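1. Structure, please.
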Amino acid sequence: MSPASEPLQPSGEAELRSLDEDAASPPDLRGLRALRYIGPGLLMAMAGIGTSHLVTAPVAGANFEYALLWVLPVAFLFKWQGFELAVRYTAATGESVIAAYARVPGPRKWAVWALGIATLIIGCTAVGAIVAAAAAVLWAWIGAGALVLYGIGLSLLIVGLLLSGRYRALEAVNKVLAVVLVLGTVVAFVFAGVQADSLLYMVLPVIPAGSALMIAGLMGWMPTDLTVGVWGSLWMKDRRKGMVRIREVLGDEAVEDTPEHYRPYADAWFKAALYDFRIGHIVSWVIATMYLLLGAAILFGVEEKPEGAATVLAISGIFTETVGAWMFPVFLLGAFAALFSTAFIIYDGFPRALAAAATTVFPPRADRPWWNERNAGLGMIALMLVCMVIALTVLPDPAWLVPAAGTVSFAISPVLFAINLYVALNFIPRRYRPGRFGIVWSWISVVVLTLLTIWVVPQTLGLF
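-> Residues are numbered from 1 along each chain as shown. Here you go, the predicted structure:
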């Protein structure tokens, strides 16, 4: 008998009433109203901006001028579906994509293991460079104290905010930071005087000598690494809208056999999730292009090339000389907004993903009350704090950690993409699966990313 004629048993009358209230007002995606539903997609976009956009892209421009501009559309277009498939899965099924990873054929939960190991390596490697860059910008603004103290202070502030509010605090803070970032970037770009003909390098691939590590960093971090697609899935679960809410209240059966009067609500939130991701992805692409062009236009002719956060400071210094002292705080405010946003997000995303993966591989048990998702996440946060302090006190230049982590991210990208595609084609209800073009483009993307990985990664390791 169909769910319409025999309603599914709700988990409670209050929960069912709450679901009915939500279903009565589905998202309105007409015009600017759609901006109200931006959330996880914005977080995914902001996750990589502090590393790829402000640290890696300007360095690429400073060292190779416009020659590597073509890498940006390649990275954004060929990773597009890799991220979207993870978002699509949770929007369509109401569960995190990690639950689907556990059902991928092969050795026991191998896909979850791969995700967990990649998360651990990338998280512990990248946190030092990201926090160091944010701390350096703040230090340049204030002009006193030790860099490591700024890094520790920022990290503790972020962890405190996350522990107090978790997802709600994460989304609220980053919406404000996104506005500041966009305004600061646009103002800086307008005054930089970038030539329009430089955009031709987007479609004219050039591979300068010595650029392999930079290409790996750009490809790995643009717009960010594919593990962030899993973060988006987990953030959507925390948002508790659409199919996530339906599954909570009506049970797993409601995913395939959604009651008719809840279908418009589920469909509307499914469309909202894809819209949210796509807007964030496009904005991230535009900002990445602006920062590479800024690095090329302002720093390529400089004899001593800056690295890492020093690139941001060098750009702001030149702006101060050519435009005026008022430009220094405007540019640094936008830069700090991006870097703080990325640091904020990674202190949530990496622990969240590792905790979900760890508790999927080793489920909590009654005889191990200490082992649960929250404590696993806190353990990852503590480990990241230790790695951050080591990077700021022991390593002479934490900036090199960004391309290093980018190489690991780049290497794992085709694997995660292929897993996401398998999950989408086998575990998503048919009405929510990607269309023919999306499937074909996904296969092409997996092949292209695999070939690029085979070419780039050995060169970064000095094997060729």
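
2. Could you use CA atoms for every contact and neighbour count after this?
-> Noted.

3. Name the helix or strand of this protein that has the lowest mean pLDDT.
-> Within the chain, no helix or strand scores below helix 309-322, which has a mean of 62 by mean pLDDT, DSSP states H and E.

4. just the helices in the stretch 51-200 of the chain please.
-> For the stretch 51-200 of the chain, applying DSSP state H, counting those that start in this stretch gives helices covering 57-64, 71-93, 97-101, 110-142, 147-165, 167-192.

5. Now do the buried residues in the third one.
-> By that I understand helix 97-101. Buried positions in helix 97-101, judged by neighbour count with 16 or more other Cα atoms under 10 Å: 97-98, 100-101.

6. a markdown table please, covering those residues and showing distance to Asp348 and pLDDT.
-> Shown next, in a markdown table, are the buried residues of helix 97-101 (distance: Cα to Cα, whole Å; pLDDT from 0 to 100):
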| residue | distance to Asp348 | pLDDT |
| --- | --- | --- |
| Val97 | 17 | 93 |
| Ile98 | 16 | 94 |
| Ala100 | 21 | 94 |
| Tyr101 | 21 | 95 |
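
7. Check which element follows the least confident helix or strand of the chain along the chain.
-> Proceeding C-terminally, helix 309-322 gives way to helix 327-361 as the next helix or strand, assigned by DSSP states H and E.

8. Between helix 110-142 and that following helix, find me the angle.
-> 160 degrees (axes from the mean of the first three to the mean of the last three Cα atoms, to 10 degrees).

9. List the buried residues for helix 327-361?
-> Judged by neighbour count (16+ other Cα under 10 Å), helix 327-361 contains these buried residues: 327-328, 330-358, 360-361.

10. Show me what it packs onto, helices and strands only.
-> Packing partners of helix 327-361 (3 or more Cα pairs under 8 Å, 6 or more residues apart in numbering; DSSP states H and E): helix 40-47, helix 97-101, helix 110-142, helix 147-165, helix 167-192, helix 227-239, helix 309-322, helix 373-393.

11. Swap in 6 Å and give it another go.
-> Contacting helix 327-361 under the criterion 3 or more Cα pairs under 6 Å, 6 or more residues apart in numbering; DSSP states H and E are the following elements: helix 40-47, helix 110-142, helix 167-192, helix 309-322, helix 373-393.

12. For Thr450, which non-adjacent residue is spatially closest?
-> Pro414 (5.6 Å; Cα to Cα, 6 or more residues apart in numbering).

13. I'd say the one you found and Val446 touch.
-> Yes. In this structure, Pro414 is within contact of Val446 by Cα atoms under 6 Å, at 5.4 Å.

14. looking at the helices and strands packed on helix 327-361, which has the lowest confidence?
-> When those are compared by mean pLDDT, helix 309-322 comes last with a mean of 62.

15. Can you pull the phi and psi angles for the residue nearest to Gly12 when sequence neighbours are not counted?
-> The shortest distance from Gly12 to any non-neighbouring residue, by Cα to Cα, 6+ apart, is to Val249 (7.6 Å). Per-residue torsions, Val249: phi -90, psi -40 (degrees, to the nearest 10).

16. Could you check how many residues crowd around Val249?
-> By other Cα atoms under 10 Å, 22 other residues sit near Val249.

17. for Leu452, same thing?
-> 17.

18. Glu260 too?
-> 11.

19. where's it relative to Leu425, distance?
-> As judged by Cα to Cα, to the nearest Å, Glu260 and Leu425 stand 24 Å apart.

20. try Leu16
-> Relative to Leu425, Leu16 is positioned 31 Å away (Cα to Cα).

21. Buried residues in the helix or strand where Ile282 lies, which are they?
-> Per DSSP H and E: Ile282 is located in helix 263-299. Using 16+ other Cα under 10 Å as the test for burial, helix 263-299 gives 263-282, 284-285, 287-299.

22. Stretch 33-40 too?
-> Neighbour counts over stretch 33-40 (16+ other Cα under 10 Å) mark 37-40 as buried.

23. Out of these, which is nearest to Cys387?
-> Of all the buried residues of stretch 33-40, Pro40 has the smallest distance to Cys387: 26.5 Å, by Cα to Cα.

24. which ones are touching the closest one?
-> 232, 235 (Cα atoms under 6 Å, 6 or more residues apart in numbering).

25. State the distance from it to Asp367.
-> Relative to Asp367, Pro40 is positioned 35 Å away (Cα to Cα).

26. do Cys387 as well
-> Distance of Cys387 to Asp367, computed by Cα to Cα: 31 Å.

27. before we move on, what about Ala337?
-> Plainly put, Ala337 is 44 Å away from Asp367 if you go by Cα to Cα.

28. Show me where the stretch 151-300 of the chain dips below the pLDDT cut-off.
-> For the stretch 151-300 of the chain, applying pLDDT under 70 flags the ranges 165-175, 177-182, 184-185, 187-197.

29. And for the stretch 301-450 of the chain?
-> For the stretch 301-450 of the chain, the stretches with pLDDT under 70 are 302-328, 330-331, 395-406.

30. which of Cys387 and Asp367 has more neighbours?
-> Taking other Cα under 10 Å, Cys387 and Asp367 do not tie; Cys387 has more neighbours (17 against 7).

31. need the contact list for the more buried one.
-> Cys124.

32. Give me the neighbour count for His261.
-> Look at His261: counted by other Cα under 10 Å, it has 12 neighbours.

33. And it, how far from Leu149?
-> 55 Å.

34. helix, strand or coil for the closest residue to Ile439 other than its chain neighbours?
-> Take Ile439 and drop its neighbours on the chain: the residue closest to it by Cα to Cα, 6+ apart is Leu421, 7.9 Å away. Classification of Leu421 using DSSP: H, G, I helix; E, B strand; the rest coil returns helix.

35. Count the residues that sit near Leu421.
-> When neighbours are defined as other Cα under 10 Å, Leu421 has 23 of them.

36. Please apply the same query to the one 10 residues further on.
-> Counted with other Cα under 10 Å, residues neighbouring Arg431 total 10.

37. Name all residues that make contact with it.
-> Listed by Cα under 6 Å, 6+ apart, the contact set of Arg431 is empty.

38. could you redo the last one with a cut-off of 10 Å?
-> By Cα atoms under 10 Å, 6 or more residues apart in numbering, the residues touching Arg431 are 92, 256, 267.

39. What separation do you get for it and Leu85?
-> Arg431 is 14 Å from Leu85, where distance means Cα to Cα.

40. how much space is there between the spatially closest residue to Ala67 that is not a sequence neighbour and Arg374?
-> Nearest residue to Ala67, sequence neighbours excluded (Cα to Cα, 6+ apart): Val206, at 5.6 Å. For Val206, the distance to Arg374 equals 47 Å [Cα to Cα].

41. Sweet, I'm off.
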